[in-house]
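Novice: Curious how this folds, go ahead:
(2 chains)
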There are 2 protein chains.
Amino acid sequence: MSPELRVFPIEGLPEVEEGMKLGELIAERAELKAGDIVVISQKIVSKSEGRVRRLAEIEPSEQALELAKKLGKEAEIVELVLSESREILRAERGILVTETHHGFVCANAGIDTSNLPEEGTVCLLPLDPDTSARTIRKELPTAIEGPGVGVAGPSPLLSADPHPRPLPPAVVITDSFGRAWRLGQAEIAIGCAGLAPLDDWRGRTDALGRELSATAIAIADEIAAAADLVRVKDSGVPAVVIRGLQLYVIAEDGPGAAALRRPAEEDLFR
Amino acid sequence: MSPELRVFPIEGLPEVEEGMKLGELIAERAELKAGDIVVISQKIVSKSEGRVRRLAEIEPSEQALELAKKLGKEAEIVELVLSESREILRAERGILVTETHHGFVCANAGIDTSNLPEEGTVCLLPLDPDTSARTIRKELPTAIEGPGVGVAGPSPLLSADPHPRPLPPAVVITDSFGRAWRLGQAEIAIGCAGLAPLDDWRGRTDALGRELSATAIAIADEIAAAADLVRVKDSGVPAVVIRGLQLYVIAEDGPGAAALRRPAEEDLFR
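Specialist: Next up is the predicted model:
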């Protein structure tokens, strides 16, 4: 029996400012149940953590000035990209793709220049989105009612707790990244807590004993994408609930979205 | 007002064989409404189109024999990958990534070796998945009841029909592809009909007049990912309905998932 999913927005969140507790704001506005997954856009997490910068206060380095000229970008933004990155992967045709200090490969180190309340400010990614997700999860109430959690799943990552008990919902923090080979951005998970982020099929075989061709499924990224579908037409909805995926909700915080970053030495496309 | 999505599997489809009409099989088992999106796994589309091959009937070329030896793969499968591809992008560490004749960049040209009824057979991608989606859409009934379609949307791609009328559901054909930089496979759209595959934000600005940082959102790929979430724990569910996204359902078949393939000359990661 496959699950049925419901994906719905959390309405009525206020404009987020530094120091606000997102978990509490969300809990006041959504009737969360055990096994729910709360999906939150990166921007409000960054704002709550004070990761907003004024461009006027940024002093571009020589390297930033040169790159900015080459790419046709603002030098202050390039300076921020460089300070948020450990390696430049591409800097051509007006595009600056780096690996961030977290290990994300994306354009402009994920720095967001739109939809900020104050002109001349930009928003950086959270310093450690998995930690952000864990903090928010702690602020969410332990849901009493729900479809049950801790169901034994097919993956060793999934909790096989024989005594399901109420748990706080899982939290996923997302951002939209460009992809190699595909047009359009897709939402991915940059942080998560309480979720098995990867459904690992390695070692499992089909009915005829052949190894399954999908070796692992990026559950956390698929959750991010699903949540984005109720958000795209209204960028004012920064948080979404996914109900029906308790199979992947776990008691512990788990490995986080860090488990979805491909190590550089295993990546054939850099 | 943001939409609420429901994502649910279509249960009870038979083992698919060549010549079966998938649209009719689905219509008999799902009460589809106007504005629904039917998401179908590539494998049953390929099987219905006879895209199954017996490895014993494949004669590997010299190039296939060499590559197979280098990569530790079966020569017959490598031969099929080469015949399905226009360019080899990577052939190392046991991994063979090519660009298929369709223009998809993926491992093993999308050839599937698991979960086939007969030992020694493999399944190729459909010859033209957008055409497959259009064919299946024609087999689906024009839904009479539903939340209404043809709603004016934010994107020029979306239908702004002032006289909403019943329409057949949209169809999306999906497969799970690996990604650069991220671990785990994610489901993407390889074909679609009746859907605006890309929500294009280019030229739109935020409240302060700054260009929005997400230039286009890969709606069709996010739909594929959302559908996969109800499928992963049971690979026996090859078709899923997404209800609530009528915003992106269009009367015409539209550009298909071909619109999501990044042209090679614009791709910095090959």
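Novice: interface residues of the stretch 51-200 of chain A facing chain B?
Specialist: A:90, A:92-93, A:95, A:97, A:104-105, A:112-116, A:119, A:153-154, A:176, A:179-188, A:197-199 (Cβ under 8 Å from any Cβ of the partner chain). All C-beta spots, glycine's among them, are computed from the backbone N, C-alpha and C.
Novice: These, buried ones only, as a PyMOL selection?
Specialist: Buried members of those, defined by 16 or more other Cβ atoms under 10 Å in any protein chain shown, are picked up in PyMOL with:
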select buried, chain A and resi 97+104+105+112+113+114+115+116+153+176+179+180+181+182+183+184+185+186+187+188+197+198+199
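Novice: In strands, which of the residues of the stretch 51-200 of chain A next to chain B appear?
Specialist: Here DSSP state E is the test, and those give A:Arg90, A:Glu92, A:Ile95, A:Val97, A:Val105, A:Ser176, A:Ala186, A:Glu187, A:Ile188, A:Asp199 as lying in strands.
Novice: what about A:Ile57, how many neighbours?
Specialist: Rather than Ile, residue A:57 is Glu. By other Cβ atoms under 10 Å in any protein chain shown, the residues close to A:Glu57 number 9.
Novice: quick one: it from B:Ala64, how far?
Specialist: To B:Ala64, A:Glu57 is 59 Å away according to Cβ to Cβ, to the nearest Å.
Novice: so how far is the helix-or-strand element of chain A with minimal mean pLDDT off the chain centroid?
Specialist: Least confident helix or strand, chain A: strand A:199-200 with a mean of 88, by mean pLDDT, DSSP states H and E. When distances are taken as Cα atoms, centre = their mean, to the nearest Å, strand A:199-200 is centred 18 Å away from the chain's centroid.
Novice: Parallel or antiparallel, which strands does it pair with?
Specialist: If you go by DSSP bridges, strand A:199-200 pairs up with strand A:216-217 (antiparallel).
Novice: ok, then the element right after the partner strand?
Specialist: Using DSSP states H and E, the next helix or strand after strand A:216-217 towards the C-terminus is helix A:219-229.
Novice: so, in contact with chain B or not, that following helix?
Specialist: Yes: using Cβ under 8 Å from any Cβ, helix A:219-229 reaches chain B at A:Ile219, A:Asp221, A:Glu222, A:Ile223, A:Ala225, A:Ala226, A:Asp228, A:Leu229.
Novice: now the angle from that helix to helix B:219-229?
Specialist: 130 degrees (axes from the mean of the first three to the mean of the last three Cα atoms, to 10 degrees).
Novice: which outside residues touch the following helix or strand past helix A:219-229?
Specialist: Downstream of helix A:219-229, the first helix or strand assigned by DSSP H and E is strand A:239-243. Contacts to strand A:239-243, defined as Cβ atoms under 8 Å, 6 or more residues apart in numbering or on different chains, come from residues A:5-10, A:13, A:22, A:26, A:30, A:32-33, A:35-41, A:44, A:169, A:223, A:226-227, A:230-231, B:229.
Novice: May I have the strands that pair with strand A:239-243, each with its orientation?
Specialist: In the sheet, strand A:239-243 lines up with strand A:5-9 (antiparallel), strand A:37-41 (antiparallel) (DSSP bridges).
Novice: Other residues contacting the last one?
Specialist: Put plainly, it is strand A:37-41. Contacts for strand A:37-41 (Cβ under 8 Å, 6+ apart): A:10, A:22, A:26, A:30, A:32, A:136, A:140, A:169-175, A:195, A:223-224, A:227, A:231, A:238-243, A:245, A:248-249.
Novice: For A:Asp175, give me its contacts.
Specialist: A:Ser41, A:Gln42, A:Cys106, A:Gly110, A:Leu125, A:Glu187, A:Ile188, A:Ile190.
Novice: For those residues, give me TSV that also has pLDDT and distance to A:Pro263.
Specialist: Putting the contacts of A:Asp175 into TSV (pLDDT from 0 to 100; distance: Cβ to Cβ, whole Å) gives the following:
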residue	pLDDT	distance to A:Pro263
A:Ser41	96	27
A:Gln42	96	23
A:Cys106	96	16
A:Gly110	96	19
A:Leu125	98	19
A:Glu187	96	23
A:Ile188	98	17
A:Ile190	98	17
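Novice: Which one (most neighbours) among those?
Specialist: A:Ile190 (32 neighbours).
Novice: Does that one fall in a helix, a strand, or a coil region?
Specialist: strand (DSSP: H, G, I helix; E, B strand; the rest coil).
Novice: gap between the residue nearest to it when sequence neighbours are not counted and A:Ile136?
Specialist: Excluding its sequence neighbours, the residue lying closest to A:Ile190 (Cβ to Cβ, 6 or more residues apart in numbering or on different chains) is A:Pro129, at 4.3 Å. Distance from A:Pro129 to A:Ile136, counting by Cβ to Cβ: 10 Å.
Novice: where do the contact lists of the two overlap?
Specialist: By Cβ under 8 Å, 6+ apart, the residues touching both A:Pro129 and A:Ile136 are A:Val45, A:Ile173.
Novice: quick one: low-confidence parts of the stretch 151-270 of chain A?
Specialist: Scanning the stretch 151-270 of chain A for pLDDT under 70 picks out the ranges A:151-165, A:206-214, A:232-235.
Novice: and with 90 instead?
Specialist: Within the stretch 151-270 of chain A, the segments meeting pLDDT under 90 span A:151-168, A:200-215, A:231-237, A:266, A:270.
Novice: domains of chain A?
Specialist: A:1-50+A:126-260, A:52-125 (automatic domain parsing).
Novice: just the ones you listed: most buried one?
Specialist: By mean neighbour count, with neighbours taken as mean count of other Cβ atoms under 10 Å in any protein chain shown, domain A:1-50+A:126-260 ranks first of the domains of chain A at a mean of 21.
Novice: Pull the contacting residues for the closest residue in space to A:Leu124 that isn't next to it in sequence.
Specialist: Once flanking residues are discounted, A:Leu124 sits nearest to A:Arg51: 4.3 Å by Cβ to Cβ, 6+ apart. Listed by Cβ under 8 Å, 6+ apart, the contact partners of A:Arg51 are A:Cys123, A:Leu124, A:Leu125, A:Pro126, A:Leu127.
Novice: Pick out whichever of those residues sits closest to B:Thr215.
Specialist: Among these, A:Cys123 lies closest to B:Thr215 (Cβ to Cβ), at 17.1 Å.
Novice: Skipping its backbone neighbours, what lies nearest that closest one in space?
Specialist: That would be A:Asp112: by Cβ to Cβ, 6+ apart, it lies 4.3 Å from A:Cys123.
Novice: again with A:Glu24
Specialist: A:Glu139 (5.2 Å).
Novice: Okay, now the unreliable bits of the stretch 1-150 of chain A?
Specialist: For the stretch 1-150 of chain A, counting by pLDDT under 90, the residues that fall below are A:1-3, A:34, A:113-119, A:141-150.
Novice: List the contacts of A:Ala226.
Specialist: Counted by Cβ under 8 Å, 6+ apart, A:Ala226 has contacts A:Leu5, A:Val7, A:Ile242, B:Leu5, B:Val7, B:Glu222, B:Ala225, B:Ala226, B:Leu229.
Novice: Make CSV from these and add distance to A:Ala68 to it.
Specialist: Formatted as CSV, the contacts of A:Ala226 follow (distance: Cβ to Cβ, whole Å):
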residue, distance to A:Ala68
A:Leu5, 44
A:Val7, 40
A:Ile242, 40
B:Leu5, 41
B:Val7, 43
B:Glu222, 32
B:Ala225, 35
B:Ala226, 38
B:Leu229, 41
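Novice: Now the stretch 51-200 of chain A against chain B: closest residue?
Specialist: A:Gly184 (3.1 Å; Cβ to the nearest Cβ).
Novice: For that residue, give its distance to A:Glu99.
Specialist: From A:Gly184 to A:Glu99 the distance is 22 Å (Cβ to Cβ).
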